[in-house]
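S.K.: dropping a prediction and its sequence here:
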Amino acid sequence: MYELKTKETDSSVIEFIEQVEHPKKREDAYRLLDIFAETTGYEPKLWGPSIIGFGSYHYVYKTGHEGDAPLVGFSPRKAKISLYFAPGDPDREALLAKFGKHTTGKACVYINKVDDINVDVLKKLITQSVDFLQKLYPEK
């Protein structure tokens, strides 16, 4: 059976951020930590070895595959900072148009640094993603 790799852990978020080598990226990780925590109201948790997630939801796909994932999160990776928002949210593109310098993947938005983006739009993306996922996967 498929084993989900990215699970919530008891590892310290602060210790993880302190291990980020680049000082500016570490500073940005602390800024994002504050923004995500304040915007969501959730305590940060480390998911897998490198994703700082906020809140969680349980999903079940039509295939029967199911698991848990953070509602939103980020990871200060070496190349870029990955921001995790709800995949499949049709309203995300409108906000990304006003977001600032970024690139996108299937589920991630990548930024170089927080100074490149509009923090107010980031807060809207966070809120929109949490709302979208909580409606799509309501708690039972």
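M.R.: On my side now, so go ahead.

S.K.: drop to CA atoms for contacts and neighbour counts, all remaining ones
M.R.: OK.

S.K.: quick one, strands of this protein?
M.R.: Counting by DSSP state E, the chain has these strands, from start to end: 44-47, 51-54, 57-60, 66-69, 72-76, 81-84, 103-104, 108-111.

S.K.: direction included, what does the fourth one pair against?
M.R.: For strand 66-69, the pairing partners within the sheet under DSSP bridges are strand 57-60 (antiparallel).

S.K.: got a list of what Lys80 touches?
M.R.: Tyr110, Ile111, Asn112, Lys113 (CA atoms under 8 Å, 6 or more residues apart in numbering).

S.K.: again with Ser11
M.R.: Shown in contact with Ser11 (CA under 8 Å, 6+ apart): Lys45, Leu46.

S.K.: check what pLDDT it gets.
M.R.: Ser11 is assigned 95 on the pLDDT scale.

S.K.: hang on, the earlier thing: okay, the strands of the chain, which one's buried deepest?
M.R.: strand 51-54 (a mean of 26; mean count of other CA atoms under 10 Å).

S.K.: rounded mean pLDDT for that strand, please.
M.R.: 98.

S.K.: dump the contacts of Lys80 to JSON lines, plus distance to Ser75 and pLDDT.
M.R.: Shown next, in JSON lines, are these (distance: CA to CA, whole Å; pLDDT from 0 to 100):
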{"residue": "Tyr110", "distance to Ser75": "10", "pLDDT": "98"}
{"residue": "Ile111", "distance to Ser75": "11", "pLDDT": "98"}
{"residue": "Asn112", "distance to Ser75": "12", "pLDDT": "97"}
{"residue": "Lys113", "distance to Ser75": "12", "pLDDT": "97"}
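
S.K.: including distance to Tyr137, could those go into TSV?
M.R.: Compiled in TSV, the contacts of Lys80 are given as follows (distance: CA to CA, whole Å):
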residue	distance to Tyr137
Tyr110	25
Ile111	28
Asn112	31
Lys113	31
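
S.K.: out of the residues you listed, which is nearest to Glu38?
M.R.: Lys113 (19.2 Å; CA to CA).
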